[in-house]
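[1] model this:
(3 chains)
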Amino acid sequence: MSKILIVAEHDGHTLNLSTAKCVSCAKAIGGDIDIAVLGQGHDAVGAQAAALAGVSRVLMISAAHLAHPLAANWAPEVLQLAANYTHVIGPSTTMGKDLMPRVAALVGVNQFSDVMEVLSPLSFRRPIYAGNAIIDVKAAEGQKIVMTVRTASWPATGSGGNAVVEQRTAQGTAAGHSRYLALNSAGSERPDLQGASKVVSGGRALGSAEGFALIYRLADKLGAGVGASRAAVDAGYVPSDMQVGQTGKIIAPDLYLAFGISGAIQHITGIKDSRTIVAVNKDAEAPIFEIADIGLVGDLFTVIPEIEALLG
Amino acid sequence: MSEREIMQYDVIIVGAGPAGLTCAIRLKQIKPELNVAIIEKAAEVGAHIVSGAVIEPAPLDELLPGWRENPPPICVPVAKDELWYLTPTGRYRLPTPPQQNNHGNFIVSLGAMCAWLAPKAEALGVDIFPGYAASALHHTGDGAVGGVVIGDMGIDRAGVPKDTFTQGIEIHAPVTVIAEGCRGHLSKQLINQFKLDQHSDPQNYGIGLKELWRVKAGKSVPGLAQHTLGWPLDSSIYGGSFIYHLDKDRIALGFVVGLDYKDPEFSPFEAFQQMKHHPMIRNLLEGGEILSTGARAIVEGGYQALPVTEMPGAILIGDAAGLLNVPKIKGTHQAMRSGMLAAEHLAATAVASSAGFDARLRNSPVVKELHKVRNIRPAFYRGLWRGFVAAAIETVTAGKLPRTLKLHADYSALKKLAGYSPPDRHWVERNLPPRDRLASVYYAATEHDEEQPIHLQILQPDICITRCSEEYDHPCTRFCPAGVYEMVEDSNGKRLQINSANCVHCKTCDIKDPYQIINWVTPEGGSGPNYQNL
Amino acid sequence: MKILVGIKRVVDYNVRVRVLPDGSGVDIDGVKMSINPFDEIALEEALRIKEAGKAAEVIVISCGTDECQQQLRTALAMGADRAIQVKTGSALQPLSTAQALLRVIEREQPGLVILGKQAIDDDNSQTGQMLAALWNRPQATFASKLVFEGEKLTVTREVDAGLETIEVDLPAVVTVDLRLNEPRFVKLPDIMKAKRKPLDVIPLEELGASLASNLDITRYAAPPLRQKGIRVENAAQLVQELKNRGLL
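    Numbers count the residues shown, from 1 in each chain, chains lettered A, B, ... in the order given. Reported below is the predicted structural model:
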């Protein structure tokens, strides 16, 4: 049976949702699931990890040099723990992408990046070429598996778990050559288009830069990022850094709401990995309805205010 | 801005198509000490090439004996010719005209063939520079052509240099060989400047659209070359389709329409998509997938439209000169032969010289071949059936009748909306991909940095929303195969939106615009389509 | 200081990559190949560092078949001083690449190694991190800004939560993100100059690197198509549906 270790992502206070997604992937592999929580003075995070359904143990490692997820400091700790496990998993977030390959190299194996499906404990499915091809990849029998989990492919596991929380002592010391200085988060502003879990997007049907205010208002109500089709950018309603699609940004939010966007293939290329796509368009024949999870034929100028009203 | 850097060559060739590459290879074969460069605006050789293409192999045999042992990546011998006349749902087999007998010919991807030729040229010492656009001509003090100017790169939409600004250099040479293909923008300038066409008829053009498909296994018959006439065109429009069966379940299919069509509401792209829905073709395509798409204007004027092909310091070869043989539906062999002829001419003197090239070309089999078929294309001005009869007479008499039909300019053929009603062409609802032009252009993989200046210049923009609205209803929004032109009406009013990033460099707009106010210029080098195996 | 820049030859980002009908790979027959775009940004940064007087030499390196010499020549035309091809029979997986790079680092002793954050073909995003681990040196991944202060480098990193700043001692491995810079155009005469710049070919075996075992790709497939979903009639139904799915 597999013994699986997940490396938790957190900010010192709150467990990142990606960890719960890693648990879902670990369950698909099948076996005993532990979570390692590295940090300093982060007991609250340990409790959150322990509450995830399906987790056996939470290993708390607290040390000053582990306070921030510096890969050079974290990787040797994870390596020490890895000795007792068949699989070591991190999320395919910037934290996991930074850390896990360093772990894999120390273990001496190639990593499975962006795992979207588990085929067997040794075989996994992952995207390449920006999702234009999907490959099945297999490790040799007996090899330790190090992987990152493509968060958009996995649901977060539920709560209700009651894992044992164990305190462990850090085995290593600070690497000395790497120092964390600061994190400058985007703050209270609208979330960044690329990282937002919800995105509201508008097309040329908005008719003007002023018309686009409707989109911003709804986005702010939802805490969503704002995107636009190339037609809206070309018409000068919004700046080009808001363009979503083949020549703009490729995004994969949990929820993508497209208003007045016809859905040219160039636009679809930029959103096809979104978890749920909602389309509102006057034209019932618009190609976006071919790929939307939820479609509504209607005038965005009436629909958007209605949605806002319903959201209260 | 500083003084431009200068590079000096013995011969500079504009365009890495079959004409330019052949010319370069031949030059180095004859005179290895010559310094020869080719400038190519596509990001790599072959990426802006689209053609049927069934080619005659004789020029290849002459240029590269032994090529058959190591042929281009896509090269299927023609096994069988078929010509069909289509009605909306039926078809009739027509006898294959002798010009279209393809026994001994090969179906190739001309783009892949050029990409195969390029390393052969490089191995001989030719410097090929893909990704650089020859945006302007350099003239010497006495007014002769002295070389080309490479376009500046890293300029924003307003024309202001960005951080990445890179000044284009000048390339000087005693002779510049213009091998840009049909309606090149330097050719256009030179023909005007040196009045090269003052004694010839206006040039005639067509537009060719092409798709490469992978069909369901077993549906294709490798080596089968099919052509169709008739539906979806009415008999007033000159054109037809080709369906070439390649290897690996691949089918190259395309549609060619003469740009002298009269109907202002006609869309060549739509006609092509209609053609695919004829039962004969639909059966072939259903269940398959598109691999690549492209479009390109085709030069059709032939003998009557042939301009003077030399001027001080430069010569025109291949489709830039207009050497395509329309009844054969082939230009590659003409392009290659003119390239070899040019090489022989330029290598004959101590310093390469353009003087005398035009006479050499006109006395060669290249122009003799055009003379023989000179009356066939214009015979179709009066419709398909009259064209057939005249074509048959011209073919039987091998063009020896003492008459030469006149050509007219394509842009002047368009009828105004008032008083013109198009015939019912029995077009159908379609469901094969691509759904529209935007979807089609996706498979052309066209790419332009969207910050650069728009490379489609509208010389008198007011005409678009005033006269054109009334007279022609914006035909640019229909003749462009890539959806570059769009009339938009929003809070800013009614205006022509130019989606220049979609442009596939086909030049149709430059040709067909009835007011002749669209001027195609080169975008940043490396921009444009990235055709794969077209 | 020497800067070593890793370059990978990949299918150009404009190419519509397609899986072969038999699932044996992707169709790269006749497609355009380029320098991995992130590696181009890495090279641009190295050149700017050199132009600012903070480095003496920029060396580009690629592991691959002879075809990758084309991309190395392009890198030389952009301004790199010399190139190294680690000659392999087939593509290396990230850990092997890192192992090969490490041996070259031991020979060249660079003060900084810059790589793209990932290659756009296999999307692994591993090589830089692995190299830093094997070399036992700092890593600064997803960099959007580099500032030198003596033997220290301050790097702004694009992380999910915003912009993180870390400080690393040199030598170090940096992997770069899209916003770091906009690579320059190659000037045409520089293509000619690049032909005369040194390009050393080192067979992989000669490096003496012990290579990790590969992961085995057993099947390629096209991505599943998105299915057409449901239609709702009005805003109220839409909001209800989103709530039912836990999206609001």
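[2] In the sheet, which residues pair with the residue nearest to the spatial centre of chain C? Tell me.
    Centroid-nearest residue in chain C: C:G116, 3.0 Å away (criterion: C-alpha atoms, centre = their mean). Counting by DSSP bridges, C:G116 is bridged to C:V176.
[3] Would you mind measuring from it to chain A?
    Going from C:G116 to chain A by C-beta to the nearest C-beta, to the nearest Å gives 13 Å. The way it works is simple: take the backbone N, C-alpha and C, and place the C-beta from them, glycine included.
[4] show me what contacts whichever residue of the stretch 351-500 of chain B sits closest to chain A?
    Closest approach between the stretch 351-500 of chain B and chain A, counting by C-beta to the nearest C-beta: B:S491, at 3.8 Å. By C-beta atoms under 8 Å, 6 or more residues apart in numbering or on different chains, B:S491 lies in contact with A:G207, A:S208, A:E210, A:G211.
[5] With respect to chain B, which of those residues is nearest?
    When the contacts of B:S491 are compared for distance to chain B (C-beta to the nearest C-beta), A:S208 wins out at 3.8 Å.
[6] Does the closest one belong to a helix, a strand or coil?
    The local conformation at A:S208, judged by DSSP: H, G, I helix; E, B strand; the rest coil, is coil.
[7] Can you report phi and psi for B:A58?
    Backbone torsions of B:A58, given as degrees, to the nearest 10, read phi -50, psi -50.
[8] which residues sit in contact with residue 50?
    Picking chain A for this. Neighbours of A:A50 in contact, by C-beta under 8 Å, 6+ apart: A:V58, A:G161, A:N162, A:A163, A:V164, A:V165.
[9] ah, no, chain C please
    C:I3, C:A56, C:E57, C:V58, C:G79.
[10] For PyMOL, write the select line for the buried members of these.
    Selecting only the buried entries of the contacts of C:K50 in PyMOL, with 16 or more other C-beta atoms under 10 Å in any protein chain shown as the criterion:
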select buried, chain C and resi 3+58+79
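[11] Which two among the contacts of C:K50 are spaced furthest apart?
    Using C-beta to C-beta, the two most remote members of these are C:A56 and C:G79, lying 13.5 Å apart.
[12] Taking chain C, what residue is nearest to chain B?
    Nearest residue of chain C to chain B (C-beta to the nearest C-beta) works out as C:F185 at 4.1 Å.
[13] That residue: what secondary structure?
    Here C:F185 is coil, with the state taken from three-state DSSP.
[14] Any stretches of chain B with poor pLDDT?
    Residues of chain B meeting the criterion pLDDT under 70: B:1-2.
[15] Tell me the residues of it that contact chain C?
    Contacts of chain B with chain C, taken as C-beta under 8 Å from any C-beta of the partner chain, map to B:5, B:7, B:43-44, B:47, B:73, B:109, B:112, B:115, B:127, B:129, B:131-132, B:150, B:153-154, B:162-164, B:166, B:168-169, B:171, B:214, B:217, B:249, B:289, B:291, B:442-443, B:445, B:447, B:530, B:532-533.
[16] In helices, which of those residues fall?
    Among the residues of chain B next to chain C, DSSP state H puts B:A112, B:A115, B:Y442 in helices.
[17] Scan these and report the most crowded one.
    Neighbour counts for those peak at B:A115, which has 24 neighbours (criterion: other C-beta atoms under 10 Å in any protein chain shown).
[18] so what's it closest to, chain neighbours aside?
    Leaving aside its sequence neighbours, B:A115 sits nearest to B:G46 (C-beta to C-beta, 6 or more residues apart in numbering or on different chains; 3.7 Å).
[19] B:N204 contacts B:L259, correct?
    Yes. The criterion here is C-beta atoms under 8 Å, and B:N204 meets it with B:L259 at 7.5 Å.
[20] Using a markdown table, lay out the ones in helices among the residues of chain B next to chain C together with distance to B:T176.
    Formatted as a markdown table, those follow (distance: C-beta to C-beta, whole Å):
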| residue | distance to B:T176 |
| --- | --- |
| B:A112 | 27 |
| B:A115 | 24 |
| B:Y442 | 36 |
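[21] so which of these comes closest to B:I13?
    B:A115 (16.4 Å).
[22] list the contacts for the closest one?
    B:E44, B:V45, B:G46, C:G30.
[23] Just flag the most distant two among those residues.
    Farthest pair in the contacts of B:A115 (C-beta to C-beta) is B:V45 and C:G30. Separation: 11.3 Å.
[24] Compare those two (neighbour count), which wins?
    Ranked by neighbour count (other C-beta under 10 Å), B:V45 and C:G30 place B:V45 first, with 25 against 19.
[25] ok, that one - contacts?
    Contacts of B:V45 (C-beta under 8 Å, 6+ apart): B:A16, B:L21, B:C114, B:A115, B:L117, B:A118, B:I128, B:P130.
[26] now swap in B:P423 and tell me
    Residues near B:P423 by C-beta under 8 Å, 6+ apart: B:D234, B:S236.
[27] Can you give me the neighbour number for B:E44?
    22.
[28] ok so, going back, does the residue nearest to the centre of chain C really touch C:L43, like I thought?
    No. Counting by C-beta under 8 Å, C:G116 does not reach C:L43; the two are 9.2 Å apart.
[29] and the residue most central in space within chain A, how far is that from A:A213?
    Compute the mean C-alpha point of chain A, and by C-alpha atoms, centre = their mean the closest residue is A:T151, 4.2 Å away. Applying C-beta to C-beta, to the nearest Å, the value for A:T151 to A:A213 is 32 Å.
[30] now do B:I39
    Separation of B:I39 from A:A213 (C-beta to C-beta): 48 Å.
[31] need the contact list for the residue nearest to B:A115.
    B:G46 touches B:A16, B:L110, B:G111, B:A112, B:M113, B:C114, B:A115, B:A118, B:Y531, counting by C-beta under 8 Å, 6+ apart.
[32] list residues touching both of B:N204 and B:L259?
    B:D410.
[33] which one of the two has more residues nearby?
    Higher neighbour count among B:N204 and B:L259: B:N204, with 27 against 23, using other C-beta under 10 Å.
[34] Excluding chain neighbours, what is closest to B:G318?
    Nearest non-adjacent residue to B:G318, counting by C-beta to C-beta, 6+ apart: B:A19, 2.8 Å away.
[35] Contact partners for the one you found?
    Shown in contact with B:A19 (C-beta under 8 Å, 6+ apart): B:A179, B:G181, B:I317, B:G318, B:D319, B:A320, B:A335, B:M336, B:S338, B:G339.
[36] now the nearest residue to C:L102 once chain neighbours are set aside, what's its secondary structure?
    Leaving aside its chain neighbours, C:L102 sits nearest to C:L134 (5.0 Å; criterion: C-beta to C-beta, 6+ apart). Secondary structure, three-state DSSP: C:L134 is helix.
[37] tell me the pLDDT at C:L134?
    Note on C:L134: pLDDT of 98.
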